[in-house]
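Peer 1: Sequence first, then the predicted structure, then my questions.
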Amino acid sequence: MTHFILGMRVDATSYSDLIQKTKIWVEENQARSIYAANTHMVMEAYDDRAFRRIVDSADLVTPDGMPLVWWLRSRGVRGQPRVYGPDVMLHLCDFAAKSGVPVGLFGSTPEVLESLKIRLLEKFPGLKFGFTKCPPFGKVLGQDDWEVNKEIISSGIRILFVSLGCPKQEKWIAAHRKNLPVVMVAVGAAFPLHAGTFKQAPAWMQQAGLEWLYRLTREPGRLWRRYLITIPRFLLLVALEAIGIIHAR
């Protein structure tokens, strides 16, 4: 079921639901998109209507951040779990390995991709990589699109994981979806995390909705604005929407 928070779509879903949908899309060679939503994405969509339309046009938008999970539960979605981007990748890799479905990796750095492939193969021995590519830094949209599309199509992959960061990865997927008959999944920081170059917050911090604090202490120079401005602003706007003072849609 689809809900809207500050005008942006987020779906009540689960890992099993995601796998069931992906299985059908893969079998039918459909072009589909899956995004993992958190407070950062909500605020990007609130400030940019064009980006909101990109998110709303996806085939599945999972509640990646705990605030969105709590919000869905408050809307009557009992037992809504967190459907976290990096874990979405692991569940889909497990499905792909067991089903013989080739996957692709797009984003990050050559070093991260190499380590990621090794670690994923250790977890999922039957996993097949048909395509891996690290785009030049700062050159993603509009750069060599035809060549990239040609490589992806000729590779025969059915699932493409895209790790470029929000909103770049969602914009890239939206721009390429019509030309690529694959299931494209925006997974955020999943590549460096699963490659072992980026440490994940402890489980208790994740469940308490404090993952942002853990990341802020590790990358204050890059993330201070996102977390110290975006999160309070998100909380204020959601409260105003809840009592009917603002209407985002």
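Peer 2: Received it, and whenever you're ready, just let me know what you need.
Peer 1: Let's verify the closest residue to residue 129 other than its chain neighbours: helix, strand, or coil?
Peer 2: Leaving aside its sequence neighbours, residue 129 sits nearest to residue 117 (C-beta to C-beta, 6 or more residues apart in numbering; 5.9 Å). Where you see a C-beta, it was placed from the backbone N, CA and C, and this is true even at glycine. Using DSSP: H, G, I helix; E, B strand; the rest coil, the secondary structure recorded for residue 117 is helix.
Peer 1: Check the one 10 residues further on too.
Peer 2: When the structure is split into helix, strand and coil by three-state DSSP, residue 127 lands in coil.
Peer 1: the helices in this protein, which residues?
Peer 2: 15-27, 39-47, 49-56, 66-74, 85-99, 110-123, 145-155, 168-176, 190-195, 203-207, 211-218, 220-225, 231-242 (DSSP state H).
Peer 1: Could I get the buried residue list for the second one?
Peer 2: By 16 or more other C-beta atoms under 10 Å, the buried positions in helix 39-47 come out as 39-46.
Peer 1: any chance of the helices of the chain in TSV, plus mean pLDDT?
Peer 2: As requested, the helices of the chain are exported to TSV (pLDDT from 0 to 100):
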stretch	mean pLDDT
helix 15-27	98
helix 39-47	96
helix 49-56	97
helix 66-74	96
helix 85-99	98
helix 110-123	97
helix 145-155	90
helix 168-176	95
helix 190-195	95
helix 203-207	77
helix 211-218	70
helix 220-225	70
helix 231-242	93
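Peer 1: Give me whichever of those is most buried.
Peer 2: Each of these was scored by mean neighbour count; the highest is helix 190-195, a mean of 23, by mean count of other C-beta atoms under 10 Å.
Peer 1: Identify all contacting residues around that helix.
Peer 2: 85-86, 88-90, 105, 107-108, 112-113, 115-116, 119-120, 161, 163, 198-200 (C-beta atoms under 8 Å, 6 or more residues apart in numbering).
Peer 1: How about stretch 166-182?
Peer 2: Counting by C-beta under 8 Å, 6+ apart, 29-33, 35, 38, 40-41, 44, 48, 51, 54-55, 57-58, 104, 107, 140-141, 145, 148-149, 152-153, 157-160, 162-164, 184, 186-188 sit against stretch 166-182.
Peer 1: for stretch 55-66, same thing?
Peer 2: 8-13, 18, 21, 25, 32-39, 41, 45, 69, 71-72, 80, 82-85, 88, 170, 174, 188, 206-209, 211.
Peer 1: go again using 7 Å as the cut-off
Peer 2: Where contact means C-beta atoms under 7 Å, 6 or more residues apart in numbering, the residues beyond stretch 55-66 that reach it are 8-11, 13, 18, 21, 32-39, 41, 45, 69, 72, 80, 82-85, 88, 170, 174, 209.
Peer 1: Thank you, goodbye.
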